[in-house]
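Undergrad: Okay, predicted coordinates and the sequence, questions at the end:
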Amino acid sequence: MTTKLILYIITVPLSIWALDSININGLFKINRIFQARLLYFMVSFGLAYLFTNFLYDFANNCQIIK
């Protein structure tokens, strides 16, 4: 469990940084700032979850982590 926690700590900022390069201002209605930020963080946490599980499963299948 500690390994996954460390991976989450690494991948959440990486996913937020990666999503920061996308201009999503045109997708949202005017004056819907809170909803846009909430969706932004939900997508970034979902991306971090998927990437963490991929890295963890890949490491387990390659016998790197025991």
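TA: Nice, I can see it.
Undergrad: secondary structure element for the closest residue to Phe28 other than its chain neighbours?
TA: The shortest distance from Phe28 to any non-neighbouring residue, by CB to CB, 6 or more residues apart in numbering, is to Ala36 (4.4 Å). Every C-beta, even on glycine, is put in place using the N, C-alpha and C of the backbone. Assessed by DSSP states H and E, Ala36 sits inside helix 33-61.
Undergrad: go on, Leu14?
TA: Short version, using DSSP H and E: Leu14 is in helix 2-19.
Undergrad: Could you check the angle that helix makes with helix 33-61?
TA: 130 degrees (axes from the mean of the first three to the mean of the last three CA atoms, to 10 degrees).
Undergrad: list the buried ones in helix 2-19?
TA: If you call a residue buried by 16 or more other CB atoms under 10 Å, then helix 2-19 has these buried ones: Leu7, Tyr8, Thr11, Val12, Ser15, Ile16.
Undergrad: same deal with stretch 41-58?
TA: Ser44, Leu47, Ala48, Phe51, Thr52, Leu55.
Undergrad: for the record, mean pLDDT for that stretch?
TA: For stretch 41-58, mean pLDDT is 94.
Undergrad: Can you tell me which residue is spatially central in this structure?
TA: Ala48 (2.5 Å; CA atoms, centre = their mean).
Undergrad: that older thread, what packs against the helix holding Ala36?
TA: helix 2-19 (3 or more CB pairs under 8 Å, 6 or more residues apart in numbering; DSSP states H and E).
Undergrad: Can you show me the CA trace of the helix it packs on as PDB?
TA: Output in PDB follows, covering the C-alpha atoms of helix 2-19 (Å, rounded to 0.1, in the frame of the first residue of the first chain):
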ATOM      1  CA  THR A   2       2.900   2.300   0.700                       C
ATOM      2  CA  THR A   3       4.100   1.900  -2.900                       C
ATOM      3  CA  LYS A   4       0.800   3.000  -4.300                       C
ATOM      4  CA  LEU A   5       0.600   6.000  -2.000                       C
ATOM      5  CA  ILE A   6       4.000   7.100  -3.200                       C
ATOM      6  CA  LEU A   7       2.900   6.700  -6.800                       C
ATOM      7  CA  TYR A   8      -0.200   8.700  -6.100                       C
ATOM      8  CA  ILE A   9       1.800  11.500  -4.600                       C
ATOM      9  CA  ILE A  10       4.000  11.600  -7.700                       C
ATOM     10  CA  THR A  11       1.300  11.100 -10.400                       C
ATOM     11  CA  VAL A  12      -1.300  13.600  -9.100                       C
ATOM     12  CA  PRO A  13       0.900  16.700  -9.600                       C
ATOM     13  CA  LEU A  14       2.100  15.200 -12.900                       C
ATOM     14  CA  SER A  15      -1.400  14.800 -14.200                       C
ATOM     15  CA  ILE A  16      -2.400  18.300 -13.100                       C
ATOM     16  CA  TRP A  17       0.700  19.700 -14.800                       C
ATOM     17  CA  ALA A  18      -0.100  17.800 -18.000                       C
ATOM     18  CA  LEU A  19      -3.700  18.900 -18.100                       C
END
